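In: predicted model, plus sequence, below.
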Number of protein chains: 2
Amino acid sequence: MVIMVVSCRIAYSGRTSSDLGEGERLVILKEDGCVLVHRRSNYQPVNWQPSGCVFQTRIENQSLIIKAVRPSPLETLTMIVSRVEFLGTFQLNDEAEFLLHASEEDMQKAILAEPGLIEPGLQVVDFEKKVAPGFVDVCAVDSRGNTVVIEIKKDPAGVASVKQLAEYLKYIQVPAGRKLRPIIVAPSLAKGVLPMLTKMGFEFKPLTLQKSLETLQRLSRSDQSALKGWFESTKTKE
Amino acid sequence: MVIMVVSCRIAYSGRTSSDLGEGERLVILKEDGCVLVHRRSNYQPVNWQPSGCVFQTRIENQSLIIKAVRPSPLETLTMIVSRVEFLGTFQLNDEAEFLLHASEEDMQKAILAEPGLIEPGLQVVDFEKKVAPGFVDVCAVDSRGNTVVIEIKKDPAGVASVKQLAEYLKYIQVPAGRKLRPIIVAPSLAKGVLPMLTKMGFEFKPLTLQKSLETLQRLSRSDQSALKGWFESTKTKE
DNA sequence: GCCTGGATATCGTGC
DNA sequence: GCACGATGTCCAGGC
């Protein structure tokens, strides 16, 4: 990895184009062929190149010119370096595994493992069920035999979530004499969403990532092998 | 700006949580309170914190501990540094303005300034028109008085674009005896989209960013003041 | 290869 | 502060 603090000009050409005049920046070149150019502020790089680039360097008019070319889609980042404040190369020894502990998938797992999180008596029928344009997160049957369709969001559910669920419902068939109960599961509802929900006859069940995590950990401790077996049998069934 | 190459462990807790074991990484702390932790590969940082964080440092068990806390939403990044390979602080002098030359907005500007890009005789009626959940990019009237509704995409238009346009149409009113012509304007259509478009009676008009740019530049050269006047009068009208 | 959806998305803008 | 759309989004997973 090459780390440089330099004064430079930068031009990008590809999906669109950009120009940045002379100034001091932090430039990072990584071994997988990606580039990051950071200014003194902002989380995001001002210019960059995703991995897979080919680097070229040359000297022209007493300036160091660095090009990073990405073959597909074809885009080019050109840095014209007038002064080098710092330059270092580092071999980073880093084999650690990155563990992300919770996401929407964990909420789903928690519901699959413990349907009572939604309501007593609920039984899961299917999950990740393919319908026309996407997947239904969880399909279930309640204690009265009604069909329950669940859409999970880890963030406050907005209008888009409700529409997505409504879209899926078009492709769900309900046995005669049973009701269809669409449920949004999320930590909360976005501001104006409740009226819409009520109007459409949808339900909302609050569930946080944290609660899901706790549930998974509890179940994992109490009966790890059984849970694992459940997942495997379900997947095999698919 | 603080740039460090260190061996460290990292924990994140907030919108979700993560853990990363011991390894060598590049750590960047910026003056606006953002954090970037980069591994030897990948464009994206493995851990980060957006701007607005408060930093805390302390020594514990011969390790340097750096915390970056973001107040809202509350999230915490903790780095336990066991060894420092490099540490530098830099005052980056960088006042240059960043210029991005083209985006979807430029396609819209080009159409507003030169409706003939879509078809001869087209007249723009409105743009960024507020409808229920979003904004209609451009509203216009064709040479026969039919209402034209345009959705602009700078990337190949997929199913989502068509649905978005369809959604907006629900809120568009057409004068009696006139037709409604929904048009997708994009460089191309994604693979399976044309059948859907045809079925819904939508039209597709190819337009690239580059062509839009050329148009804007040509008009800018030929009649800069008039174009400026047009935009201002349109905005005032709003 | 294209397309779809998720992300600790981030960021700006309007309300 | 909240919601929503754009991003040179990036990226993994399917097909």
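Out: Yes, it's here.

In: quick one: residue A:21 from residue A:77, how far?
Out: 15 Å (Cβ to Cβ, to the nearest Å). Heads up, the C-betas are built off the backbone N, CA and C, glycines and all.

In: these two: which has the busier surroundings?
Out: In this comparison of residue A:21 against residue A:77, neighbours counted by other Cβ atoms under 10 Å in any protein chain shown, the higher total goes to residue A:77 at 22 against 13.

In: what about residue A:111, which SS state?
Out: Remark: residue A:111 carries the secondary structure label helix [criterion: DSSP: H, G, I helix; E, B strand; the rest coil].

In: swap that for residue A:12, please
Out: Secondary structure state of residue A:12, per three-state DSSP, is strand.

In: beta partners for it?
Out: residue A:18, residue A:77 (DSSP bridges).

In: same deal with residue A:63?
Out: So, taking DSSP bridges as the rule, residue A:63 has residue A:60 as bridge partners.

In: could you do residue A:67 as well?
Out: Beta-bridge partners of residue A:67, as defined by DSSP bridges: residue A:56, residue A:78.

In: contacting residues around it?
Out: By Cβ atoms under 8 Å, 6 or more residues apart in numbering or on different chains, the contact set of residue A:67 is A:55, A:56, A:57, A:76, A:77, A:78, A:79.

In: tell me, which of the residues you listed make contact with DNA strand D?
Out: residue A:77 (Cβ under 7 Å from any atom of the strand).

In: I'd like the contacts of residue A:67 as TSV, with distance to residue B:199 and pLDDT appended.
Out: What follows is the contacts of residue A:67, written out as TSV (distance: Cβ to Cβ, whole Å; pLDDT from 0 to 100):
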residue	distance to residue B:199	pLDDT
A:55	48	97
A:56	48	96
A:57	53	96
A:76	40	97
A:77	42	98
A:78	45	98
A:79	48	98
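
In: just the contacts of residue A:67 now: which is nearest DNA strand C?
Out: When the contacts of residue A:67 are compared for distance to DNA strand C (Cβ to the nearest atom of the strand), residue A:76 wins out at 16.5 Å.

In: I figured the closest one was touching residue A:10, is that so?
Out: No. When contacts are counted by Cβ atoms under 8 Å, residue A:76 is not listed as touching residue A:10 (11.1 Å).

In: who's more crowded, the two?
Out: Remark: of residue A:76 and residue A:10, residue A:10 carries more neighbours, 23 against 16, as counted by other Cβ under 10 Å.

In: ok, residue A:64 touching residue A:78?
Out: No. With contact defined as Cβ under 8 Å, residue A:64 does not count as touching residue A:78 (11.4 Å).

In: can you name the two of the contacts of residue A:67 that sit furthest apart?
Out: Comparing every pair within those by Cβ to Cβ identifies A:57 and A:76 as the most remote, at 13.8 Å.

In: mark which of the contacts of residue A:67 are buried, thanks.
Out: With neighbours counted using 16 or more other Cβ atoms under 10 Å in any protein chain shown, these contain these buried positions: A:76, A:77, A:78, A:79.

In: and the residue sitting nearest the centre point of chain A, how far is that from DNA strand D?
Out: Among the residues of chain A, the smallest C-alpha distance to the mean C-alpha position (Cα atoms, centre = their mean) belongs to residue A:103, namely 8.4 Å. Taken as Cβ to the nearest atom of the strand, to the nearest Å, the spacing of residue A:103 relative to DNA strand D amounts to 12 Å.

In: swap in residue A:128?
Out: 9 Å.

In: wait, a strand at that residue?
Out: Yes. In this structure, residue A:128 lies within a strand as judged by three-state DSSP.

In: wait, isn't it in contact with residue A:150?
Out: No. Under the criterion of Cβ under 8 Å, residue A:128 makes no contact with residue A:150, lying 11.5 Å away.

In: and the residue in chain A that DNA strand C sits nearest to, how many residues sit next to it?
Out: Among the residues of chain A, residue A:43 lies nearest to DNA strand C; the distance is 3.1 Å by Cβ to the nearest atom of the strand. Around residue A:43 sit 19 other residues, with neighbours defined as other Cβ under 10 Å.

In: isn't it up against residue B:48?
Out: Yes. Residue A:43 sits in contact with residue B:48 when judged by Cβ under 8 Å, with a separation of 6.8 Å.
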